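Asker: One predicted model, sequence on top.
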Amino acid sequence: MNTVRRRQIGSGIFVGLTAGSVALILAILGIILGNIVYHGWEHFTWRFLATGIEEGMFNVEKSGVFPMLFGTAARVILMTIFVIPIGVITAIYMTEYANSTSAWLRLIRGAVHNLAGVPSIVFGLFGLGFFIGFVGKNLDDALYGGSTRVWGQPAIMWASLTLAVMTLPVVIVATEESLKNIPVGLREASLALGATKLQTIARIVLPQALPGILTGGILAVSRAAGEVAPILFTGAAYSTPGLPDSLTDQFMDLGYHVFILSTQSPNIEQTRPILFATVMVLLLLTFLLNLSAVLLRAHMRHKLRSMS
């Protein structure tokens, strides 16, 4: 057997293994989604989406998920508002200002990589100790003399900030890679025309890197939307009388609601339709949030191409 024939056979085996792996992944995904839709579709109604749990959390006929839907969307949007500016500024410093051979930059990169590997439950404990126990308590002492607890308790703001810290490495890495892909010639041309470094970054580099920055935001939303552990200690509530209307209010969450339905229901079989329908809502919300970011990224890319 000649060398060409062996290479063709090896290439065919590799292609077959790759196709088989992709087919297996798609099959597993299809089974999971099909199972969720099959068991939850009947209960997935407009009433279910638009009502709350006034009649009882485990009441199959009258319970809804609107408070959880609102709380999940609110904390993800707040997290995105918090994490993107910090992540982008950090990536700009690492790419545009820091010395590529400095020990300080290596320390920052090491911290980012280590942060990405920390379990999510640890971030929840960090948020409880730092944001609530330290920042919130000191705010209450400074503003109210410690006589009342406003900031020093679980709240949607602290949950969002905890999620922002958790997803910060995703945004930093995606933004840094996007900034590195901007041609050096664009920076040099801008500086040669008399622009300052800050003007070059703000008017030349960042607009070109915006699709990559939005990619980091999409990945952050994808990770944070279904997380439960970081918000257990920092803001999620078993039940609340209404929707959160301030940053210091607690909130109900779809992921936490799924956990409650699956572990604390007096009759698991009876509440199974609510459980699967709630999972459907969580998946659809995550999909819609990601789709919005993807469409915005596509629009920005089209706008940049039309300008070039």
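Answerer: On my side now, so go ahead.

Asker: So which residues of the stretch 151-300 of the chain form helices?
Answerer: 156-180, 184-192, 197-200, 206-225, 229-232, 254-263, 268-307 (DSSP state H, counting those that start in this stretch).

Asker: excluding its backbone neighbours, what's nearest the residue most central in space within the chain?
Answerer: Taking Cα atoms, centre = their mean, the centroid of the chain lies closest to residue 221, which sits 2.5 Å from it. Distances taken as Cβ to Cβ, 6 or more residues apart in numbering put residue 289 closest to residue 221, at 5.1 Å, once the chain neighbours are dropped. Bear in mind the C-beta positions are built from the backbone N, C-alpha and C, glycine included.

Asker: need the contact list for the residue nearest to the centre of the chain.
Answerer: 76, 79-80, 286, 289-290, 293 (Cβ atoms under 8 Å, 6 or more residues apart in numbering).

Asker: Just the buried residues of those.
Answerer: 76, 79-80, 286, 289-290, 293 (16 or more other Cβ atoms under 10 Å).

Asker: Now pLDDT and distance to residue 123 too, for those, in CSV please.
Answerer: Formatted as CSV, these follow (pLDDT from 0 to 100; distance: Cβ to Cβ, whole Å):
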residue, pLDDT, distance to residue 123
76, 91, 15
79, 93, 12
80, 91, 16
286, 85, 19
289, 81, 20
290, 81, 21
293, 79, 22
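
Asker: Relative to residue 212, which of the residues you listed is nearest.
Answerer: residue 293 (12.4 Å; Cβ to Cβ).

Asker: OK, contacts around the residue lying closest to the closest one once chain neighbours are set aside?
Answerer: Ranked by Cβ to Cβ, 6+ apart and with sequence neighbours excluded, the top spatial neighbour of residue 293 is residue 218, at 4.4 Å. Applying Cβ under 8 Å, 6+ apart to residue 218 gives the contacts 290, 293-294, 297.

Asker: Turn those into JSON lines, columns for distance to residue 242.
Answerer: Shown next, in JSON lines, are the contacts of residue 218 (distance: Cβ to Cβ, whole Å):
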{"residue": "290", "distance to residue 242": "28"}
{"residue": "293", "distance to residue 242": "29"}
{"residue": "294", "distance to residue 242": "33"}
{"residue": "297", "distance to residue 242": "35"}
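
Asker: Closest one of those to residue 12?
Answerer: Nearest member of the contacts of residue 218 to residue 12, counting by Cβ to Cβ, is residue 294, at 34.7 Å.

Asker: Read off the pLDDT value for that closest one.
Answerer: At residue 294, the predicted lDDT confidence score is 80.

Asker: Spatially nearest residue to it, not counting backbone neighbours?
Answerer: residue 218 (6.4 Å).

Asker: again, but for residue 160
Answerer: residue 78 (3.7 Å).

Asker: Report how many residues lie close to the one you found.
Answerer: 18 (other Cβ atoms under 10 Å).

Asker: Kindly report the same for residue 96.
Answerer: Residue 96: 15 neighbours (other Cβ under 10 Å).

Asker: try residue 269
Answerer: Neighbours of residue 269 (other Cβ under 10 Å): 7.

Asker: Kindly report the same for residue 63.
Answerer: For residue 63, using other Cβ under 10 Å, the count is 23.

Asker: quick one: contacts for it?
Answerer: Taking Cβ under 8 Å, 6+ apart, one finds 48, 51-53, 55-57, 274 in contact with residue 63.

Asker: Tabulate those residues in a markdown table, adding columns for pLDDT, neighbour count and secondary structure.
Answerer: As requested, the contacts of residue 63 are exported to a markdown table (pLDDT from 0 to 100; neighbours: other Cβ atoms under 10 Å; DSSP: H, G, I helix; E, B strand; the rest coil):
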| residue | pLDDT | neighbour count | secondary structure |
| --- | --- | --- | --- |
| 48 | 88 | 20 | helix |
| 51 | 86 | 16 | coil |
| 52 | 84 | 21 | coil |
| 53 | 84 | 20 | coil |
| 55 | 77 | 12 | coil |
| 56 | 76 | 10 | coil |
| 57 | 82 | 18 | coil |
| 274 | 88 | 25 | helix |
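
Asker: Nothing else from me, thank you.
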